[in-house]
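*Asks:* turn this into a structure:
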Amino acid sequence: MNEKNIGLEIGIFKIIWYSRKVTVLKWYNILSTGLMMVGTVMFVFFKEPKFSPNLSSFSTVAITGLSFTLALLIATTKNVFEEEDLKDLAKYDEKYNKFEFYKLIGPYIYTALLWLILGLVVVLKSTNIFSKILFLNSVLNFWILSIFAMGLCNLFDLIISNIQDLIKKIERGLDDEK
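*Replies:* This is a model prediction of the structure:
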């Protein structure tokens, strides 16, 4: 049997790029990124408003978000899709030059990356390196809130996707019984 090996991409940024239509280009990610840019410009020119979120709570949220994203990924790959389903999806992608496999796992990687970035920004902010530069301190505060909002929206989207995939699996099982 002469089967061609399928080479799957393991680089997270390539996977996010392949799945950008179901991750980065979602309306809430575009809106949050736009608000981050507008907020950054406002803070640079107007240096207001000044607010300071509780950093320790956001570091806890970032770790919890990462953990919950991993739990959802495991739930999807173990409970909703069988290993054969995932292999078939990868073979389909190879044959038709599609990125359906990456569209399945891309949102999990993107969401985990958001929680990682949130955690890193919180750590960076807590070092007080930027406390002397007033507008940068406010910008980081605003970014923390924006990334938090994006992370929440992406987690909710993952939950909805997981439920929809589960419903589809049950429907396929019912169709097979007929």
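*Asks:* now name the helix or strand holding the closest residue to Lys98 other than its chain neighbours.
*Replies:* Nearest residue to Lys98, sequence neighbours excluded (CB to CB, 6 or more residues apart in numbering): Tyr92, at 6.4 Å. No exception for glycine: its C-beta is placed from N, CA and C like everyone else's. Taking DSSP states H and E as the criterion, Tyr92 maps to helix 83-96.
*Asks:* and that helix, how far from the chain's centre?
*Replies:* With CA atoms, centre = their mean, to the nearest Å as the basis, helix 83-96 stands 23 Å off its chain's centre.
*Asks:* quick one: low-confidence parts of this structure?
*Replies:* The model of the chain has pLDDT under 70 over residues 1-9, 43-53, 130-135, 178.
*Asks:* before we move on, the earlier item: the residue nearest to Lys98 and Lys103 touch, don't they?
*Replies:* No - with contact defined as CB atoms under 8 Å, Tyr92 does not reach Lys103; the gap is 11.5 Å.
*Asks:* now list whatever residues contact both of those two.
*Replies:* Common neighbours of Tyr92 and Lys103 are not found (criterion: CB atoms under 8 Å, 6 or more residues apart in numbering).
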